[in-house]
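Peer 1: fold the following.
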Amino acid sequence: QVQLVESGGGVVQAGDSLRLSCVTSGLPFSRYTMAWFRQGPGKEREFVAGINWSRNTYLADSVKGRFTISRDNGKNAVSLQMSSLKPEDTAVYLCAARFLSGVAMRPTEYDYWGQGTQVTVSS
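Peer 2: Alright, predicted model coming up:
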């Protein structure tokens with residue numbers, strides 16, 4: 001059974017940092033492209049960052065220079081380091097996995113999803 005479990009969310013103030021983690025099980029992690037999406041209240045799910053099996057990374061324009069994505073194949077985990085957080089970053093952040101394909105920005109391109117972790121940034 002494939003599982004993706006996110007952690008690290010919380011309530012922070014604008015300008016603060018958070019590190020999200022997603023630990024996977026039940027899949028050959030090194031063969032999967034991993035990504036983070038987010039979904040704010042009443043909004044569509046949007047791409048935040050992705051990293052493929054070659055560790056090439058892609059970031060949404062809205063988070064470039066503030067967020068970093070990384071992966072640890074030994075731990076079957078992907079992380080999202082977020083800094084200089086803004087109120088508009090408030091959302092549920094979800095981890096997603098895509099088999100043997102590059103980073104995609106459409107949620108429908110991903111095979112597996114976690115349940116998400118809430119990030120709330122107050123002004």
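Peer 1: now do the strands in the protein.
Peer 2: Secondary structure of the chain by DSSP state E: the strands cover 3-7, 10-13, 18-25, 32-39, 46-51, 57-59, 67-72, 77-82, 91-99, 112-113, 117-122.
Peer 1: for the ones you listed, which one sits closest to Arg106?
Peer 2: strand 46-51 (7.7 Å; CB to CB). In this view, the C-beta of every residue, glycine as well, is placed from N, C-alpha and C.
Peer 1: packing partners for that closest one?
Peer 2: In terms of contacts (3 or more CB pairs under 8 Å, 6 or more residues apart in numbering; DSSP states H and E), strand 46-51 is packed against strand 32-39, strand 57-59, strand 67-72, strand 77-82.
Peer 1: quick one: buried residues of it?
Peer 2: Of all the residues in strand 46-51, those buried under the rule 16 or more other CB atoms under 10 Å are 47-51.
Peer 1: which residues does the residue nearest to Ala96 when sequence neighbours are not counted contact?
Peer 2: Spatial nearest neighbour of Ala96, chain neighbours left out: Tyr110 (3.9 Å); criterion: CB to CB, 6 or more residues apart in numbering. Listed by CB atoms under 8 Å, 6 or more residues apart in numbering, the contact set of Tyr110 reads 35, 96-98, 104.
Peer 1: pLDDT below threshold where in this structure?
Peer 2: For the chain, not a single residue meets the criterion pLDDT under 70.
Peer 1: next, the contact list for the residue most central in space within it, please.
Peer 2: Central residue check for the chain by CA atoms, centre = their mean: the C-alpha nearest the mean position is that of Trp36, 2.1 Å away. If you count contacts by CB under 8 Å, 6+ apart, Trp36 has them with 20, 22, 48-50, 69, 78, 80, 93-96.
Peer 1: in a markdown table: these, plus distance to Val63.
Peer 2: Formatted as a markdown table, the contacts of Trp36 follow (distance: CB to CB, whole Å):
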| residue | distance to Val63 |
| --- | --- |
| Leu20 | 12 |
| Cys22 | 16 |
| Val48 | 6 |
| Ala49 | 7 |
| Gly50 | 12 |
| Ile69 | 9 |
| Val78 | 15 |
| Leu80 | 9 |
| Tyr93 | 11 |
| Leu94 | 15 |
| Cys95 | 15 |
| Ala96 | 16 |
